[in-house]
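Novice: need coordinates for the below:
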Amino acid sequence: MKLSDQSLRKVLFIDIETVSREKSFKELDQTWQNLWELKAATFQNNTDSIDVSYEKRAAIFAEFGKVICISLGYFHKDKNSHHEIFRVKSFYENEESALLKSFAALLQKYFSDEHDWQLCGHNIREFDIPFLCRRMVANGIALPDILDLSGRKPWEINIIDTMQQWKFGDYKNYTSLKLIAATLGIPSPKDDIEGKDVGHVFWNEHNLQRIVDYCHRDVITVARILMKIKAETCTLDEADILIQ
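Specialist: Predicted coordinates for the structure are as follows:
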C-alpha cells in the first residue's frame with residue numbers, strides 16, 4: 001500500500017524510552033561486567049573508560065538495557081463530538097516485566113490484526129521494535145501478533161518508519177526527529193530533555209514522570225511528521241490531543 005493511501009486511523013504510533021539494566025558498570029555482577037567489556041571492545045574509535053562507555057551506551061542494547069516507558073498514539077473519532085482526536089497512552093514502570101505485560105496485553109486485545117494496523121515511529125525498524133521484542137522474550141512474555149515479525153517477507157511487515165520515509169531512497173546517515181521536526185516547522189519534542197538525558201533523569205533524579213512526558217511528546221511529533229509527509233490538509237493541534 002502506498003503511504004498516501006494509508007488511513008491515519010489505522011496507524012499505531014509508538015515510542016519507547018530505555019535505560020541501562022543497572023545504574024553503573026560497577027553495580028553489574030562479574031558475568032555481566034565481562035560481557036560488557038566484550039561488547040565495548042567492538043565499538044569503533046572508542047576512547048571512553050569502561051564505566052563511561054556503559055553509562056553512555058548500555059541503554060541502546062536490549063541485552064544490557066531495559067524499557068521504562070512506552071507511549072502509544074492513535075487517531076480516533078470521539079463518539080460524542082464526532083471530532084477527530086489523537087489519543088496518547090503511556091505505560092511506565094520501574095519494573096520492566098509488569099510494563100511489558102500490560103503493553104503486550106493491550107496490543108493483543110485492541111491491535112491484534114497485524115494486516116490491518118501499521119506501526120509507526122522514528123527509527124522504529126532498527127530500534128524500538130527489535131528492542132521491545134528482545135526484552136519481551138527475555139522476560140518470558142509472548143509476542144503480540146502485531147510484533148511477531150518472524151517468517152514474514154519484507155513487504156509483509158507493516159511498519160512506517162519516519163526516518164526511512166524522510167530518506168526518500170537516499171542513504172545518508174541517521175536524521176534525528178528533532179531535525180526533521182525543525183525542517184517541517186513542527187514544535188520540537190526535545191524542549192525539556194533529550195534521549196541522552198533519560199538515564200540521568202531515571203537513575204539520579206528518579207523522575208519517571210518527566211521521562212513519560214518526553215516520550216509522549218515524541219509520539220505526537222512523529223504523528224505530525226507523518227501527516228506532513230502524507231500532505232494531509234488537517235493539522236494536529238494541542239486541542240485535538242488527549243493524553244491518558
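Novice: low-confidence ranges in this structure?
Specialist: Where the chain drops to pLDDT under 70, the residues are 1-2, 4, 81-82, 114, 151-156.
Novice: from start to finish, how long is stretch 237-244 in a straight line?
Specialist: From its first residue to its last, stretch 237-244 covers 17 Å (C-alpha to C-alpha, to the nearest Å).
Novice: which helix or strand lies directly C-terminal to the top helix by length along the chain?
Specialist: Identified as the longest helix of the chain according to DSSP state H is helix 208-229. Next along the chain after helix 208-229, taking DSSP states H and E as the criterion, comes strand 241-243.
Novice: paired strands for that next one, with orientation please.
Specialist: strand 84-92 (parallel) (DSSP bridges).
Novice: which other residues reach stretch 222-236?
Specialist: 3-4, 6, 8, 11, 13, 15, 73, 75, 84, 86, 120-122, 160, 162, 165-166, 177, 180-181, 184, 186, 220 (C-beta atoms under 8 Å, 6 or more residues apart in numbering). Every residue, glycine included, has its C-beta placed from N, CA and C.
Novice: next step: those restricted to helices.
Specialist: Short answer: these in helices (DSSP H) are 162, 165-166, 177, 180-181, 220.
Novice: save these as JSON lines, and put in neighbour count too.
Specialist: Shown next, in JSON lines, are the ones in helices among the contacts of stretch 222-236 (neighbours: other C-beta atoms under 10 Å):
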{"residue": "Thr162", "neighbour count": "25"}
{"residue": "Gln165", "neighbour count": "16"}
{"residue": "Trp166", "neighbour count": "18"}
{"residue": "Leu177", "neighbour count": "25"}
{"residue": "Ile180", "neighbour count": "20"}
{"residue": "Ala181", "neighbour count": "22"}
{"residue": "Ile220", "neighbour count": "23"}
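Novice: tell me the domain boundaries of the chain?
Specialist: 3-17+70-243, 22-63 (automatic domain parsing).
Novice: rewinding a little: buried sites along the longest helix of the chain?
Specialist: 208, 210-229 (16 or more other C-beta atoms under 10 Å).
Novice: and stretch 46-59, by the same measure?
Specialist: Neighbour count says stretch 46-59 has 53-55, 57-59 buried, by 16+ other C-beta under 10 Å.
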